[in-house]
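Asker: Kindly generate the corresponding structure for this input.
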Amino acid sequence: MGAAGIPVECTDRIKDHIWSKNLINCSLNPLSAIQEVTYGELREPGSWEIIEKIVRETYAVMKADGIRPLWGDPDTILGYLHGALIPVMANHCSSMLQDILHGHRAEIDYLNGAIVARGEEQGVPTPVNREICERIRRRQNACDRPNFP
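Answerer: Sure, this is the predicted structure:
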């Protein structure tokens, strides 16, 4: 991969990296799908409040599970999302929204659903992540009905 110009980095913290990537996906993808908006629109106050809650819940689960996120605290990743990542992707829609609109199953169980499951195992409440999962599942089920517009 390095020879192809793709940056490669070795790590002994693969679980931390995977969960950190999951944190980004959990924070943005389902909310974009539920609201049918681009990533840029997620910086609006109502959406941003939900993102903050998702991030803080996820950090609590990660901490209880012994995972060290690449960003030291929730405020650091929130600053990165708001100030750097979202602006670059502002006009894009999430793959989760595209999946739902095309009748495909979303990966919600592997994203926010994984947060909920680990939270249950660790005794950490995850009400916002749980609600996000339920809304995506309801949305998928509605799209599965034959008379759905």
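Asker: Looks like Asn22 contacts Ile108 (just checking).
Answerer: No: using Cβ atoms under 8 Å, Asn22 makes no contact with Ile108, being 12.0 Å away. C-beta here means a position set from N, CA and C on the backbone, and glycine is covered the same way.
Asker: Who has more neighbours out of those two?
Answerer: Legend: neighbour count by other Cβ atoms under 10 Å for Asn22 and Ile108, higher for Ile108 (26 against 19).
Asker: Quickly find the element holding the nearest residue to Pro30 once chain neighbours are set aside.
Answerer: Leaving out its chain neighbours, the residue that sits closest to Pro30 by Cβ to Cβ, 6 or more residues apart in numbering is Ile132, at 4.8 Å. Assigned by DSSP states H and E, Ile132 belongs to helix 127-144.
Asker: now do Val8
Answerer: Counting by DSSP H and E, Val8 is found in no helix or strand.
Asker: and the residue most central in space within the chain, what element?
Answerer: Nearest to the geometric centre of the chain sits Cys26, at 1.1 Å (Cα atoms, centre = their mean). Assigned by DSSP H and E, Cys26 belongs to helix 14-35.
Asker: In PDB, could you pull the C-alpha coordinates for that helix?
Answerer: Extracted in PDB, the C-alpha atoms of helix 14-35 (Å, rounded to 0.1, in the frame of the first residue of the first chain):
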ATOM      1  CA  ILE A  14      -5.700  -1.600  16.500                       C
ATOM      2  CA  LYS A  15      -8.800  -1.900  18.800                       C
ATOM      3  CA  ASP A  16      -8.400   1.800  19.800                       C
ATOM      4  CA  HIS A  17      -8.200   2.700  16.100                       C
ATOM      5  CA  ILE A  18     -11.200   0.700  15.100                       C
ATOM      6  CA  TRP A  19     -13.300   2.100  17.900                       C
ATOM      7  CA  SER A  20     -12.100   5.600  17.100                       C
ATOM      8  CA  LYS A  21     -13.200   5.200  13.500                       C
ATOM      9  CA  ASN A  22     -16.500   3.700  14.700                       C
ATOM     10  CA  LEU A  23     -17.000   6.800  16.900                       C
ATOM     11  CA  ILE A  24     -16.900   9.100  13.800                       C
ATOM     12  CA  ASN A  25     -19.300   6.900  11.900                       C
ATOM     13  CA  CYS A  26     -21.700   6.600  14.900                       C
ATOM     14  CA  SER A  27     -21.700  10.300  15.400                       C
ATOM     15  CA  LEU A  28     -22.500  11.400  11.800                       C
ATOM     16  CA  ASN A  29     -24.000   8.600   9.600                       C
ATOM     17  CA  PRO A  30     -27.200   7.700  11.300                       C
ATOM     18  CA  LEU A  31     -28.200  11.300  12.100                       C
ATOM     19  CA  SER A  32     -27.600  12.200   8.400                       C
ATOM     20  CA  ALA A  33     -29.900   9.200   7.500                       C
ATOM     21  CA  ILE A  34     -32.600  10.000   9.900                       C
ATOM     22  CA  GLN A  35     -32.800  13.600   9.000                       C
END
